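Colleague: After the sequence you'll find the predicted model.
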Amino acid sequence: MTDYVTYTTGEPVADTKAPEGPIHERWDKRRFEAKLVNPANRRKHTVIVVGTGLAGGSAGATLAEQGYKVIQFCYQDSPRRAHSIAAQGGINAAKNYRNDGDSVHRLFYDTVKGGDFRARESNVHRLAQISVEIIDQCVAQGVPFAREYGGLLDTRSFGGVQVSRTFYARGQTGQQLLLGAYQALSRQIAAGNVELHPRTEMLDLIVIDGRARGIVARDLVTGKIDTYVADAVVLASGGYGNVFYLSTNAMNSNATAIWRAHRRGAYFANPCFTQIHPTCIPRTGDHQSKLTLMSESLRNDGRIWVPKAKGDTRPPNEIPEDERDYYLERIYPSFGNLVPRDIASRAAKNVCDEGRGVGPGGQGVYLDFADAIKRMGRKAVEAKYGNLFDMYQRITDEDPYQVPMRIYPAVHYTMGGLWVDYDLQTTVPGLFAIGEANFSDHGANRLGASALMQGLADGYFVLPATINDYLARHPHRDEITDDHPEVQEVLAETEDRLNLLLSVDGDRTPDSFHRELGELMWEFCGMARTDAGLRKALERIPQIREEFWRRIKVPGTGEEFNQSLEKANRIVDYLELAELMCLDALHRTESCGGHFREESQTPDGEAARKDDAFAYAAAWEFTGTGAPPVLHKEDLVFEYVHPTQRSYA
Amino acid sequence: MKLTLRVWRQKNADADGAMSTYEVDGISPDMSFLEMLDVLNEQLILAGEDPVAFDHDCREGICGACSLVINGDAHGPERTTTCQLHMRSFRDGDTIDIEPWRASAFPVIKDLVVDRSAFDRIIQAGGYITAPTGSAPEAHATPVPKPDADYAFEHAECIGCGACVAACPNGAAMLFTSAKVNHLGVLPQGAPERETRVLDMVARMDEEGFGGCTLTGECATACPKGIPLTSITHMNREWLRATRKAAKR
């Protein structure tokens, strides 16, 4: 066993920015208390934004509208391709257009409960408050949300809630919202307020005198590594689900920006909180490079079932009604197929573990639309879900109008991320993290259609208000230039790392290591985790890391377009982050949300939280590769939503 | 399945390119086209050769990054993106030609990777509604008739992949440009900038070196998102309307 598990516990960490007082007044109060930067002075401030998804795109556009000078980066060839584009189902907002009892407080309540009481109340309440403004903003930008015949906006339901508050644009809500943000950003690029660097990847953070002052980034076309300095740095680089190799993330989504920031002093919170999404298309073989999600909105009308008998290999349409187990409807009658994601995923795993799974390898359950087609007609089903059905058919070569879909859980989202305070500032002053890159709003489990809400809330409304306070209080009068010794030092370290990767010239490809790590993580740090399994993973990861630096083969040079080098460099960071994820999962001996420890469950197999011991966010401090990190706890105080055992029965 | 691949190899933007031939074996019909290329690349790396560079990211048909001309067709034989094309569309023993998008406005960066930033500049020229954060009225203040909302959505589905340009014998970007013009132009929120938008975007499109449109319709046939050819005629009407209006002023 490595000594990595002998972590120590340091000083607690606390949010000092959320004001006291009634929760619904806190955001107004904070905005009033926050210092402003005179409009004429904003041009003098430069802000770096890394990433152009919903959070980064909206933040870059808004900061530029406010008058700041923005330098923005994305690894894709265009900001429009950030992975937010793949979000399908919708975006939550407490508009209560349905008059079905929704309110800001209910959205707040549902999100805290859905997150299994591991999120910070102040942040979540603010998110619910802002949700209504987001819809207004997006409609004004021309986002073509689904509408009813009267011309008003349509909504639908998502898991974990009993109101209809999810706004959507067919199965392409993320795409439409992202294009809205991209177009707002494009307007600012044309106006000269945003300097965009596409096909450029952040490789390290520059910290000078304890403050974030810039980044090191590589031009992926020429291979040139450059430094960029600024007054503040905003990371909007997304989550780290690709640690698992197979996930619903885009192939190039990666953890390098947040991990490098962590190595430079930003605490990493709740790394083990990963979301396994229940409705993904099962894998077909070893060649699989990624997994495709089928939107949770399908659970509005699709019914999930497996055969009652083990090893029943009859085609689904030949299994009579009374020999089917609609297990979600049976176990959770009031929420039925719309239980939260963590619960639906675990239930699917359980029935498959019992030997009742369907499809190749028994790793799948049915999502059946026969009843919906009978009830609504094929046309109505087509209008609602047509593109998802097409996508399913294209991938599996099966027609979901005729036979039930087969689905299985897959890694989808990471609730953990860089620790941030109410202002979304990390523990490195001047470094902010927004969207999936931070840990703030979803606790141990994110509800469906809440990621888009959070990304846009952070980017359009929260960060642009809070970053003023930092910039006003810390006017960097000391001009830092690219030839500053500390800037040059970080640059040299980055160049050394890439040169080392190129020089090993071993006999294993980057993908082979990534696959191996991913399988290990899925087995031991996936849907169910045990003390023994996590210890095994913690023993194995340093061995893989050692082997990686001995046997990695990266063809070509650093001075050219080199996708193998990009991959290998990302794996370097996964090999460290994976270790922290396992340690976090090992130390949290309770089950909560997406984190299920087999040792901690109720007699009927539900997650058993231990509020006395674990009602905190675990913020980890880096001390060195493979060296035991320091745990800083942020105690979570629940003044408005009393923690209870979640019940969706 | 065993396949012969003839792939365009080009070291960088300035180098000359040529087709190179490779063999791949053990290809499953369930693989996506890009997973088949992954197999080739693993093979090349272990053999000490430079793997084939190609753009890809989401691999679920929505980001618009993937961009291959397969046997002469943009995105290959099915009406979808390259990443959603599966090997069951091919037969054992097939020879497959793989090339990058061909258009002078999309210069090759390396192998199968091209520079599509011209599309971004067309959007920057006016493919937006000016609505700074915080300025929005209540969403229900302006109802939008459902047919208009559906029309907007249908055009907003464009993923900016560039297949329309690659398929067009003239290398025109009319389908891409018109999709955005029509998406925003039909909405009440887009009305104030309706004329300037179409004039500025079309002007930018011309400056970027895209060819002229002769309505051959190849673009709409290749479009993985089904943007209709009428999108172009609608834009032409918008452009004429805006030009006349500008002349009157």
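Modeller: Looks like it arrived, so ask away.
Colleague: Not counting its neighbours along the chain, what's nearest residue 25?
Modeller: Just going to use chain A. Among residues not flanking A:Glu25 along the chain, A:Pro19 sits closest, at 7.9 Å (CB to CB, 6 or more residues apart in numbering or on different chains). For the C-beta atoms, the positions are set from N, CA and C on the backbone; glycine is no exception.
Colleague: look at chain B instead
Modeller: The shortest distance from B:Asp25 to any residue other than its chain neighbours is 4.8 Å, reached at B:Lys2 (CB to CB, 6+ apart).
Colleague: A:Lys29 too?
Modeller: Per CB to CB, 6+ apart, closest to A:Lys29 is A:Pro19, 4.3 Å.
Colleague: The one you found reaches A:Phe32, doesn't it?
Modeller: No - taking CB atoms under 8 Å as the definition, A:Pro19 is not a contact partner of A:Phe32, at 9.1 Å.
Colleague: Which one of these two is surrounded by more residues?
Modeller: A:Pro19 (16 against 8; other CB atoms under 10 Å in any protein chain shown).
Colleague: which residues does the closest residue to chain B within chain A contact?
Modeller: Closest contact between chain A and chain B, by CB to the nearest CB, is at A:Gly151 (2.9 Å). Shown in contact with A:Gly151 (CB atoms under 8 Å, 6 or more residues apart in numbering or on different chains): B:Pro143, B:Val144, B:Pro145, B:Lys146, B:Ala149.
Colleague: Out of those residues, which end up buried?
Modeller: B:Pro143, B:Val144, B:Lys146, B:Ala149 (16 or more other CB atoms under 10 Å in any protein chain shown).
Colleague: Hmm, A:Val143 and the last one touching each other?
Modeller: No - B:Ala149 sits out of contact with A:Val143 when judged by CB under 8 Å, with a separation of 10.3 Å.
Colleague: Would you agree B:Glu195 falls within a helix?
Modeller: Yes - counting by DSSP: H, G, I helix; E, B strand; the rest coil, B:Glu195 is located in a helix.
Colleague: what sits against it?
Modeller: B:Arg241, B:Ala242, B:Lys245, B:Ala246.
Colleague: did I read that right, the third one in a strand?
Modeller: No - the assignment for B:Lys245 is helix, going by three-state DSSP, so no strand is present there.
Colleague: do you know how far it is from chain A?
Modeller: Using CB to the nearest CB, to the nearest Å, we find B:Lys245 at a distance of 21 Å from chain A.
Colleague: now that residue, nearest residue through space, not along the chain?
Modeller: That would be B:Glu195: by CB to CB, 6+ apart, it lies 5.6 Å from B:Lys245.
Colleague: related to what we said a few turns ago, which single one of the contacts of A:Gly151 is nearest to A:Met581?
Modeller: B:Ala149 (42.7 Å; CB to CB).
Colleague: For the closest one, which non-adjacent residue is spatially closest?
Modeller: A:Arg147 (4.3 Å).
Colleague: between the contacts of B:Glu195, which has the most around it?
Modeller: That'd be B:Ala242 among these, by other CB under 10 Å, with 20 neighbours.
Colleague: Would you mind measuring from the nearest residue to that residue once chain neighbours are set aside to A:Leu502?
Modeller: Distances taken as CB to CB, 6+ apart put B:Glu195 closest to B:Ala242, at 3.8 Å, once the chain neighbours are dropped. Between B:Glu195 and A:Leu502 the computed distance is 54 Å (CB to CB, to the nearest Å).
Colleague: pLDDT wise, what is the residue nearest to B:Ala242 at?
Modeller: On pLDDT, B:Glu195 comes in at 97.
Colleague: do the same with A:Arg170
Modeller: 87.
Colleague: State the distance from it to A:Pro404.
Modeller: Distance from A:Arg170 to A:Pro404, by CB to CB: 22 Å.
Colleague: Then A:Thr602?
Modeller: 30 Å.
Colleague: what about those two, which has more around it?
Modeller: Neighbour totals were compared for A:Thr602 and A:Pro404, and A:Pro404 leads with 22 against 11 (other CB under 10 Å).
Colleague: Could you list which residues are in contact with that one?
Modeller: A:Pro404 makes contact with A:Trp305, A:Pro316, A:Tyr366, A:Leu367, A:Asp368, A:Phe369, A:Ala370, according to CB under 8 Å, 6+ apart.
Colleague: repeat that with 10 Å
Modeller: A:Pro404 makes contact with A:302-305, A:315-317, A:319, A:358, A:365-370, A:398, according to CB atoms under 10 Å, 6 or more residues apart in numbering or on different chains.
Colleague: burial measure for B:Glu208, as a count.
Modeller: The local packing count at B:Glu208 equals 18, with neighbours defined by other CB under 10 Å.
Colleague: Which element, helix or strand, includes the spatially closest residue to it that is not a sequence neighbour?
Modeller: Closest residue to B:Glu208 apart from its sequence neighbours, by CB to CB, 6+ apart: B:Ala118 at 4.0 Å. Using DSSP states H and E, B:Ala118 maps to helix B:117-124.
Colleague: quick one: what helix or strand has the residue nearest to B:Thr82 when sequence neighbours are not counted in it?
Modeller: With sequence-adjacent residues excluded and distances taken as CB to CB, 6+ apart, B:Thr82 is closest to B:Cys66, at 4.2 Å. Per DSSP H and E: B:Cys66 is located in neither a helix nor a strand.
Colleague: show me what contacts B:Cys66?
Modeller: Contacts of B:Cys66 (CB under 10 Å, 6+ apart): B:32-34, B:37, B:54-59, B:75, B:81-85, B:112, B:159, B:161, B:163, B:224.
Colleague: Just to be sure, A:Leu458 is in a strand?
Modeller: Leu isn't right for residue A:458; it's Asp. No - A:Asp458 is assigned helix when assessed by three-state DSSP, not a strand.
Colleague: Going by neighbour count, list what's buried in stretch A:237-256.
Modeller: Under 16+ other CB under 10 Å, the buried positions of stretch A:237-256 are A:237-256.
Colleague: try stretch A:529-548
Modeller: Using 16+ other CB under 10 Å as the test for burial, stretch A:529-548 gives A:529, A:533-538, A:540-542, A:544-545, A:548.
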